[in-house]
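Student: model this:
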Amino acid sequence: MSFRDDLLGQKLTPKPVSEFGIKGRKEVYLDGKNCGVLIDRKSRYLRKDANGFLDLKHALEKHQGQSLKGWVLLRTAPLCSKAKTLLEDAGVHIEKVE
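Tutor: Numbering: from 1, shown residues only. I've put the predicted structure just below:
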């Protein structure tokens, strides 16, 4: 199974970002080589949000001591084209899911 399937199938437990020294009430999903977020909101996913995810990913990589593949899965949020470009350039997999 892939990380995406595990995340959507609720086989992974979300962890608060505060466990990794980051402020906020967000949750992140982790397995050995991947980190990801599931966005379920009505407002647009903006470049500011993408930068926040990249900061989170770097903090997790520092905490884990290894590089991680990033995943951003959007349920209902529209995606800003600038955010999409930024994440794709950083090698983060971004996808709309139902």
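Student: Would you map the strands across this protein?
Tutor: When assigned using DSSP state E, the strands of the chain occupy the ranges 15-16, 27-30, 34-39, 69-74, 93-96.
Student: Give me the residue ranges of this protein where confidence is low.
Tutor: Residues of the chain meeting the criterion pLDDT under 70: 1.
Student: If you count residues, where's the longest helix of it?
Tutor: helix 47-64 (DSSP state H).
Student: Which one of the strands of the chain lies nearest to residue 51?
Tutor: Judged by C-beta to C-beta, the one of the strands of the chain that comes nearest to residue 51 is strand 69-74, at 12.0 Å. To be clear about C-beta, it is placed using only N, CA and C from the backbone, and glycine gets the same treatment.
Student: If we go by neighbour counts, what in that closest one is buried?
Tutor: Neighbour counts over strand 69-74 (16 or more other C-beta atoms under 10 Å) mark 70, 71, 72, 73, 74 as buried.
Student: strands paired with that strand, and their directions?
Tutor: Sheet pairing for strand 69-74, assigned by DSSP bridges, gives strand 34-39 (parallel), strand 93-96 (parallel).
Student: what about the nearest residue to residue 98 once chain neighbours are set aside, distance to residue 40?
Tutor: Leaving aside its sequence neighbours, residue 98 sits nearest to residue 75 (C-beta to C-beta, 6 or more residues apart in numbering; 7.4 Å). Separation of residue 75 from residue 40 (C-beta to C-beta, to the nearest Å) stands at 4 Å.
Student: contacting residues for residue 30?
Tutor: Contacts for residue 30 were tallied using C-beta atoms under 8 Å, 6 or more residues apart in numbering; they are 12, 15, 60, 64, 68.
Student: No more questions from me, cheers.
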